[in-house]
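K.L.:
The following comprises the amino acid sequence and a computationally predicted model.
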Amino acid sequence: MSGHSHYATIKRAKEAKDSQRGKIFSKMAREIAIAVREGRGTDPNFNYKLRMILDKARSFNMPKSNIERAINSGTSGEALKEVIYEGFGPSGVAVMVVAATDNHNRTGQEIKNLFERAGGNLGGPGSVSFNFDNKGLILIQKAADSQKQMLQLIDLGVEDVEETEDAIEVYVAPDRLNEVRNKLEGANFNIISSELCLKPKNFVTISDPKDSEKILSFLDSLE
């Protein structure tokens, strides 16, 4: 077990707020379309990435009609592709940016400008990715006795468990995400969502509230 993941809590609060404004639906639609195209199929039973994104979209109550349109757009000729950028934000915080684009040069320049305006800099491939692990993340609803929950989760063979203010985060190997999710559902855990993620290996301590505001503002600009 490791310490509290404060940014993950902030991220979920932001996603919940965005979902009320409809912003998250547009983001989910792009992710669904890319998963269909790159996963070569519209059947979530055979397209692992699509299944994970659909679960997340439903957790935000994305309408079925929106999901169907996103899947259909993934089978069209639209040239959206996923691309990853690496760099350092304010206070030297390492950042991985996963973007959807139909023009790499234009998007790369936009991302570079956002880094530089925030006082950071865009790096090359491998400049910060060494500090992140590809993981499967399962979000569990906290019960009154969260410590008992965490011990049960460890007994079920998960890699890492983190208790946050609003939930319990369970980390597993990416290729075991669906397997472990099914196991946890069978053990009567209330699963909020599951997804693939990039988990930091090390953290930067930010003591000045103004610096924290700059970092969060920068991350909002990327979103």
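P.N.:
Perfect, thanks for sending it.
K.L.:
got the domain boundaries for the protein?
P.N.:
According to automatic domain parsing, the chain comprises the domains 6-74, 81-130+202-222, 132-200.
K.L.:
I'd like to know the average pLDDT value across the last one.
P.N.:
Rounded to a whole number, the mean pLDDT of domain 132-200 is 89.
K.L.:
From the centroid of the chain, which residue is nearest?
P.N.:
C197 (4.9 Å; C-alpha atoms, centre = their mean).
K.L.:
these two touch, right, it and K135?
P.N.:
Yes: taking C-beta atoms under 8 Å as the definition, C197 is a contact partner of K135 at 5.6 Å. Heads up, the C-betas are built off the backbone N, CA and C, glycines and all.
K.L.:
re the thing from before, double-check that the residue nearest to the centre of the chain belongs to a helix.
P.N.:
No: if the criterion is DSSP: H, G, I helix; E, B strand; the rest coil, then C197 is strand and not within a helix.
K.L.:
residue contacts, it?
P.N.:
With contact taken as C-beta atoms under 8 Å, 6 or more residues apart in numbering, C197 is in contact with N134, K135, G136, L137.
K.L.:
Redo the residues you listed as CSV? Include distance to F60, secondary structure and neighbour count.
P.N.:
Converted to CSV, the contacts of C197 look like this (distance: C-beta to C-beta, whole Å; DSSP: H, G, I helix; E, B strand; the rest coil; neighbours: other C-beta atoms under 10 Å):
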residue, distance to F60, secondary structure, neighbour count
N134, 23, strand, 12
K135, 21, strand, 20
G136, 19, strand, 24
L137, 15, strand, 22
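K.L.:
what's the closest of those residues to K183?
P.N.:
Ranked by distance to K183 (C-beta to C-beta), the contacts of C197 are led by G136 at 12.3 Å.
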